[in-house]
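**Student:** Fold the following and give me the result.
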Amino acid sequence: MEDGFLETIYIINFLLCLVIFVLGFLAFSRSRNRLALFIAISFGLFGISHAILFLGCSGIFTGMPPVVTILAYLIIIFALTKQ
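**Tutor:** Next up, the predicted model:
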């Protein structure tokens, strides 16, 4: 795959994560539903992972994107099992 294509995918994923992050916090602030909060936190972490990749900082933060992604998935699993 072409590097420009991957960078575009990372940027799109980052923007979508940002939208879900904001919507999750808005939903939590209105309803105090913890599931919305956990989803917001998880997508914030996904966004950090995508930002590291598209900013080209993966060399500095080697191994961090997969760890952040796994943490985000674990938060979602926790939230869904505690609901």
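
**Student:** Enumerate the positions of the helix or strand harbouring residue 13 that are buried.
**Tutor:** Using DSSP states H and E, residue 13 sits in helix 3-31. For helix 3-31, a neighbour-count test (16 or more other Cβ atoms under 10 Å) marks 10, 13-14, 17-18, 20-21, 24-25, 27-28 as buried. Where you see a C-beta, it was placed from the backbone N, CA and C, and this is true even at glycine.

**Student:** What is it packed up against?
**Tutor:** helix 34-54 (3 or more Cβ pairs under 8 Å, 6 or more residues apart in numbering; DSSP states H and E).

**Student:** Check what contacts the helix it packs on and list those residues.
**Tutor:** 7, 10-11, 13-14, 17-18, 20-25, 27-28, 58, 61, 64-66, 68-69, 71-73, 75-76, 78-80, 82-83 (Cβ atoms under 8 Å, 6 or more residues apart in numbering).

**Student:** Going by neighbour count, which residues in the following helix or strand past it are buried?
**Tutor:** Downstream of helix 34-54, the next assigned helix or strand under DSSP H and E is helix 64-82. Buried residues in helix 64-82, defined by neighbour count with 16+ other Cβ under 10 Å: 65, 68-69, 72, 75-76, 79.

**Student:** Switch those over to JSON lines; also include pLDDT.
**Tutor:** What follows is the buried residues of helix 64-82, written out as JSON lines (pLDDT from 0 to 100):
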{"residue": "65", "pLDDT": "82"}
{"residue": "68", "pLDDT": "89"}
{"residue": "69", "pLDDT": "91"}
{"residue": "72", "pLDDT": "95"}
{"residue": "75", "pLDDT": "95"}
{"residue": "76", "pLDDT": "94"}
{"residue": "79", "pLDDT": "92"}
